[in-house]
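next comes the sequence, and after it the predicted model I'd like to discuss.
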Amino acid sequence: MAKNKQFIPAALQPWIEARRRFRLTHAQVQMARELGLNPGKLGKIANHRQEPWKAPLPVFIERLYRQCFGRPGPDPVRSIEEIAAAQQARKQARSDDRGARRAAAADGLPAPAPATGAPAVTGEGSPDGGAATQPSGH
């Protein structure tokens with residue numbers, strides 16, 4: 001297997017297969033994902049040759065997207081491969097950040113702040129020192 005082949009998570013593989021099988025564009029795949037359609041069940045929607053009253057799958061997805069979201073398509077169109085690469089980069093960044101915090105803790109230095117910009121947690125697990133987690137007595 002080639003070393004430069006990009007890793008695609010198992011959750012995104014069915015969308016790549018559906019894109020090939022039903023000849024969908026990247027925008028149509030993204031619309032279908034945002035609509036919450038199941039890639040394994042697109043064949044039930046796509047049999048417009050046997051049932052002529054059904055719209056072709058790409059037209060159906062675009063019409064449904066316009067109806068639900070009120071716009072013709074997603075603004076930044078991203079392919080499944082781009083989404084997978086972004087997920088992989090985010091995962092790698094988290095791993096690097098976690099490794100830096102572990103290394104700092106091993107050296108006895110204070111841990112650097114998380115890269116996400118989240119406030120530091122104090123007290124009983126909440127930013128206000130645990131006041132919000134008190135039982136209400138109902």
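Cool, got the structure.

could you use CA atoms for every contact and neighbour count after this?
Noted.

tell me how far the residue nearest to the spatial centre of the chain lies from residue 13.
Nearest residue to the geometric centre of the chain (Cα atoms, centre = their mean): residue 83, 7.1 Å. According to Cα to Cα, to the nearest Å, residue 83 stands 12 Å off from residue 13.

and the helices in this protein?
Taking DSSP state H, the helices of the chain run over residues 13-22, 26-35, 42-45, 57-69, 80-107.

state the pLDDT value of the closest residue to residue 66 other than its chain neighbours.
Closest residue in space to residue 66, ignoring its immediate chain neighbours: residue 72 at 5.3 Å, by Cα to Cα, 6 or more residues apart in numbering. Model confidence at residue 72, given as pLDDT, is 93.

let me see the backbone angles for residue 72.
Dihedral pair for residue 72: phi -70, psi -20, per degrees, to the nearest 10.

quick one on the thing from earlier: now the helices of the chain as a markdown table including distance to residue 51 and mean pLDDT?
Below are these laid out as a markdown table (distance: least, Cα to Cα, whole Å; pLDDT from 0 to 100):
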| stretch | distance to residue 51 | mean pLDDT |
| --- | --- | --- |
| helix 13-22 | 16 | 95 |
| helix 26-35 | 21 | 96 |
| helix 42-45 | 10 | 91 |
| helix 57-69 | 12 | 95 |
| helix 80-107 | 30 | 90 |
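
most tightly surrounded among those helices?
Greatest average neighbour count among the helices of the chain goes to helix 26-35 (a mean of 19), per mean count of other Cα atoms under 10 Å.

and residue 44, how far from residue 101?
With Cα to Cα as the criterion, residue 44 and residue 101 are 50 Å apart.

what is the neighbour count of the residue nearest to residue 66?
A count of neighbours around residue 72, defined by other Cα atoms under 10 Å, yields 13.

contact partners for it?
Residues near residue 72 by Cα atoms under 8 Å, 6 or more residues apart in numbering: 62, 65-66.
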